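Chemist: Quick one, structure for this:
(one chain, ligands or ions: 1)
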Amino acid sequence: MAEPVAKIRHLTKRMGNREIVKDLNFDIHKGEILGFLGPNGAGKTTTMRMMVGLMSISEGDIKINGKSVRRHKEAALKKVGGMIENPEMYQFLSGFDNLVHFQSMMGPVNKQRIKEVTKLVGLEGAIKNKVKTYSLGMRQRLGIAQALLHSPDLLILDEPTNGLDPSGIREIRDYLRRLAREEDIAVFVSSHLLSEVELLCDRIIIIQNGVITDVENVRQDNSEDETITMALRVVPQDKAIGILNDLNIAARAEDGRLFVNIAYKQIPKLNQKLVEHQLDIYAIEPLKQSLEERFLAKTGGGQL
Ligand SMILES: Nc1ncnc2c1ncn2[C@@H]1O[C@H](COP(=O)(O)OP(=O)(O)OP(=O)(O)O)[C@@H](O)[C@H]1O
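Modeler: Purely as a prediction, here's the structure:
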């Protein structure tokens, strides 16, 4: 795998005698959307503020493209775009003029880039309208466009879907996925909603009380030897059980389905056998556990 865009090592933040963030270690890779999931007050914003240089680091370091945020802050943050808390916008200016204004504070205005980022977040039709006419979702997208102006390799977004309705959440999700895929950007996004990060992210880091308690792959690629649980809806069932037994696969019948634990690579063979014996196959599907179920199983019902 290519070098990670960001390497977070032993990252710690102290305020007074409290450790708000304790010894965080993780990497963020190009093209991935990494979720940062935790309840209110877990330390997500504090971590992100350190990652965009808005807050000093007490201990440890963050390296972006190999450059240390602690020692070479300006060079390290050159390729980082962030939207932490609600983006500040001029309500009486158009979205376009807001982007021009923001870009002019950082250097020369590049209208071509403004057009590109506008397209990336799907605001072409409204970019000349005043921001005060925008919905919350459009403002969030304009904030993301602003963070993208200088073509960052790493985009850091703190609760970008906060306060949005389901269609607004969906829009942000679609645009972020497109960004990661088409621009090959690493996206690090926080949320306190498990169901939301599960839909959006490739991988999720769970933080509780300033400590990483879990890292989960959301899009699971099954390796050949991995054992998975499959649910089979086949008729007649007793004949199917006989075939499974011949293949040394134990089956459990429940609710009109058969549940089997088999190696991923055995699935085609099983399929073939059932067809050969002319069984009626209605479904052969992996029994997926939702992230919530996996999380509850791991924490023994712990609260997020
Ligand atoms: N400037 C500060 N001084 C003292 N304590 C702080 C400060 N900022 C944050 N905290 C505390 O640090 C903890 C983590 O806060 P943080 O905002 O990082 O959490 P969070 O996971 O982003 O939660 P939320 O979603 O509510 O913003 C909280 O207990 C908060 O009260």
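Chemist: alpha carbons only for contacts and neighbour counts from here, please
Modeler: Fine.
Chemist: And this structure, split by domain according to the record?
Modeler: The chain breaks down into these domains under automatic domain parsing: 6-217, 227-286.
Chemist: Please enumerate the strands of the chain.
Modeler: 6-15, 18-28, 33-37, 59-64, 67-68, 80-83, 154-157, 186-191, 203-208, 211-217, 227-235, 251-254, 257-263, 280-286 (DSSP state E).
Chemist: interface residues of the stretch 51-200 of the chain facing the ligand?
Modeler: For the stretch 51-200 of the chain, the contact set with the ligand under CA under 6 Å from any ligand atom is empty.
Chemist: Swap in 8 Å and give it another go.
Modeler: Within reach of the ligand by CA under 8 Å from any ligand atom, the stretch 51-200 of the chain has these residues: D158, E159, S191, H192.
Chemist: Turn those residues into a markdown table, including neighbour count and pLDDT.
Modeler: Output for these, formatted as a markdown table (neighbours: other CA atoms under 10 Å; pLDDT from 0 to 100):
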| residue | neighbour count | pLDDT |
| --- | --- | --- |
| D158 | 20 | 93 |
| E159 | 20 | 91 |
| S191 | 23 | 90 |
| H192 | 21 | 85 |
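Chemist: among those, which are in helices?
Modeler: Using DSSP state H, no member of these sits in helices.
Chemist: which of the strands of the chain has the lowest average pLDDT?
Modeler: The minimum mean pLDDT among the strands of the chain belongs to strand 211-217 (a mean of 85).
Chemist: what's the angle between that one and strand 18-28?
Modeler: If you take axes from the mean of the first three to the mean of the last three CA atoms, to 10 degrees, strand 211-217 sits at 20 degrees to strand 18-28.
Chemist: in strand 211-217, what's buried?
Modeler: By 16 or more other CA atoms under 10 Å, the buried positions in strand 211-217 come out as V211, I212, V215, E216.
Chemist: any low-confidence regions in the stretch 1-150 of the chain?
Modeler: 1 (pLDDT under 70).
Chemist: What's the separation between the residue of the stretch 151-300 of the chain found nearest the ligand and I204?
Modeler: The stretch 151-300 of the chain approaches the ligand most closely through H192 (6.6 Å), counting by CA to the nearest ligand atom. According to CA to CA, to the nearest Å, H192 and I204 sit 12 Å apart.
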